[in-house]
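Enquirer: Take a look and give me a structure for this.
(chains A and B)
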There are 2 protein chains.
Amino acid sequence: MTGERRRPGRRPGSADTRGDIVTAARKIFAEKGFDKATIRGIAREAGVDPALVHHYFDTKEGIFVAALQLPVDPSKVLPLVMEGPREQIGERVARFVLTMTADAQAREPILALMRSAMTNDKIVAMIREFMTHALLRRVAAGLGVPLVRMEAAFAQMFGVVLMRYVLRVEPVASVDVEELVALLAPTIQRYLGEA
Amino acid sequence: MTGERRRPGRRPGSADTRGDIVTAARKIFAEKGFDKATIRGIAREAGVDPALVHHYFDTKEGIFVAALQLPVDPSKVLPLVMEGPREQIGERVARFVLTMTADAQAREPILALMRSAMTNDKIVAMIREFMTHALLRRVAAGLGVPLVRMEAAFAQMFGVVLMRYVLRVEPVASVDVEELVALLAPTIQRYLGEA
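Expert: Alright, predicted model coming up:
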């Protein structure tokens, strides 16, 4: 039997390092929630330099998205949804949510997270903090609307996604995306259309 | 040791009989779903006459509501929500849902059912069938609106209840019922206000 050899040429930045950071992040987010978790704490848990965490994931939101295998990083997508004519914000939001969730690979991690949230208070807290910071407050501030209006808009889209893909109630489970966009866009427009 | 004695004076209609029917109904609904379950099948499972099931619970919806400890029987409540001026249907629906779910004793069985639904396909099917027959189709037909509009209205209220009581996102978790009614009523009105 040969002793353990140091592999030459393994640089910081290998797939393992990234994997170690993601594993550490899952543990830290679950223990501390999103607000109290820090990049420094995640780096310590993973045994790497905080600069390396920044290098891979940029922000704490970025690590969260990777750790929970979310399909989109809100901070990357929101600017795209929010730019464009304000009088079409409802249509853009409705179409984005319905198009994104139409992809099972994008939808499943979100539904898995919701399943855990329904039965685990720590996961609820983590999701709530992430949603509030990465999504709800950011959009509300960007559009200049009260947070409760943003939450009403979110609730409408969230409820439709649950009825379409979890409860699978007809006809909402099978009508096409554009029919739902036409039905829902005026609602979202009313909540988000005016400051 | 005395042998088993027949208790005199125990009539059909004792608390035990009702309990037996409820227990049998839970089993039958879980096995067959709402649509395929029958009063006759539930009576057989409970070892009682079908007439006795009718006597206690009136309809299959009534047994379902009792078996799942739901806070309200839609068939009893809906007429109250649907009567009154059509131009205030949105306000009445929003206020009814928010007032009912403000009561933890009424809310908890519904949330418990949703928790099970998120992880159990048989329960999803049972809820879907009950919702469709006892609630969604009935209201849509009563108001003369397409089913998908009724489902959009349901999704709005359902999403708000989940954000308020499961995710507990602020401010929607703590604003008072009347502020939410004012925010949501126009949405429900748009879906249900016109045939």
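
Enquirer: What pLDDT is listed against the closest residue to residue A:119 other than its chain neighbours?
Expert: Among residues not flanking residue A:119 along the chain, residue B:115 sits closest, at 5.7 Å (Cβ to Cβ, 6 or more residues apart in numbering or on different chains). Placement of C-beta: from N, CA and C, glycine included. Model confidence at residue B:115, expressed as pLDDT, equals 80.

Enquirer: now do residue A:38
Expert: With respect to pLDDT, residue A:38 has a value of 93.

Enquirer: For chain B, tell me whether the helix ranked longest in chain A is touching it.
Expert: The helix that spans the most residues within chain A, counting by DSSP state H, is helix A:15-36. No - against chain B, helix A:15-36 shows no contacts by Cβ under 8 Å from any Cβ of the partner chain, the least distance being 12.8 Å.

Enquirer: how near is the residue nearest to residue A:119 to residue B:127?
Expert: Shown here: residue B:115 relative to residue B:127, a distance of 11 Å by Cβ to Cβ, to the nearest Å.

Enquirer: Compare these two and say which one has the larger neighbour count.
Expert: Neighbours around residue B:115 and residue B:127, counted as other Cβ atoms under 10 Å in any protein chain shown, are more numerous at residue B:127. The numbers are 23 against 16.

Enquirer: so that one touches residue A:167, yeah?
Expert: Yes - proximity of residue B:127 to residue A:167 meets the contact threshold set by Cβ atoms under 8 Å, at 6.6 Å.

Enquirer: what do the two both touch?
Expert: Common contacts of residue B:127 and residue A:167, defined by Cβ atoms under 8 Å, 6 or more residues apart in numbering or on different chains, comprise residue B:117.

Enquirer: Let me see the contact set for the residue nearest to residue A:146 when sequence neighbours are not counted.
Expert: Across the structure, with Cβ to Cβ, 6+ apart as the measure, the residue nearest residue A:146 apart from its sequence neighbours is residue A:140 (6.8 Å). By Cβ under 8 Å, 6+ apart, the contact set of residue A:140 is A:146-147, A:149-150.

Enquirer: next one: residue A:20
Expert: Contacts of residue A:20 by Cβ under 8 Å, 6+ apart are A:46-48.

Enquirer: Kindly recompute the last result at 6 Å.
Expert: Contacts for residue A:20 were tallied using Cβ atoms under 6 Å, 6 or more residues apart in numbering or on different chains; they are residue A:46.

Enquirer: Quickly note the distance from it to residue B:191.
Expert: Shown here: residue A:20 relative to residue B:191, a distance of 49 Å by Cβ to Cβ.

Enquirer: if we can go back for a sec, just checking, what packs against the strand or helix carrying the residue nearest to residue A:119?
Expert: In this structure, residue B:115 is located in helix B:104-119 according to DSSP states H and E. Using 3 or more Cβ pairs under 6 Å, 6 or more residues apart in numbering or on different chains; DSSP states H and E as the contact criterion, the elements in contact with helix B:104-119 are helix A:104-119, helix B:121-130.

Enquirer: what do you get if the cut-off is 8 Å, keeping everything else the same?
Expert: Packing partners of helix B:104-119 (3 or more Cβ pairs under 8 Å, 6 or more residues apart in numbering or on different chains; DSSP states H and E): helix A:104-119, helix B:89-102, helix B:121-130, helix B:147-165.

Enquirer: Is chain A within reach of the second one?
Expert: It stands for helix B:89-102. No - looking at helix B:89-102 against chain A by Cβ under 8 Å from any Cβ, there are no contacts, and the closest approach is 10.8 Å.

Enquirer: now swap in the third one and tell me
Expert: Yes - figure legend: helix B:121-130 in contact with chain A (Cβ under 8 Å from any Cβ); contacting residues B:124, B:127-128.

Enquirer: What residues of that helix count as buried?
Expert: For helix B:121-130, the buried set under the neighbour-count rule, 16 or more other Cβ atoms under 10 Å in any protein chain shown, comprises B:123-130.

Enquirer: List of residues touching it?
Expert: By Cβ under 8 Å, 6+ apart, the list of residues contacting helix B:121-130 reads A:166-169, B:29-30, B:33-35, B:61, B:64, B:113, B:116-117.

Enquirer: Spatially, which two of the residues you listed are the most separated?
Expert: The distance between the two most remote of the contacts of helix B:121-130 (Cβ to Cβ) is 22.4 Å, for A:166 and B:61.

Enquirer: that older thread, mean neighbour count, the helices and strands packed on helix B:104-119: which tops it?
Expert: Using mean count of other Cβ atoms under 10 Å in any protein chain shown, the stretch among those with the largest mean neighbour count is helix B:147-165, at a mean of 23.

Enquirer: Report the mean confidence score over that one.
Expert: Averaged across helix B:147-165, the pLDDT comes to 96.

Enquirer: quick one: is the helix or strand that comes right after it near chain A?
Expert: Towards the C-terminus, the helix or strand next in line after helix B:147-165, according to DSSP H and E, is helix B:177-192. Yes - residues of helix B:177-192 contacting chain A under Cβ under 8 Å from any Cβ: B:179, B:183-184, B:186-187, B:190-191.
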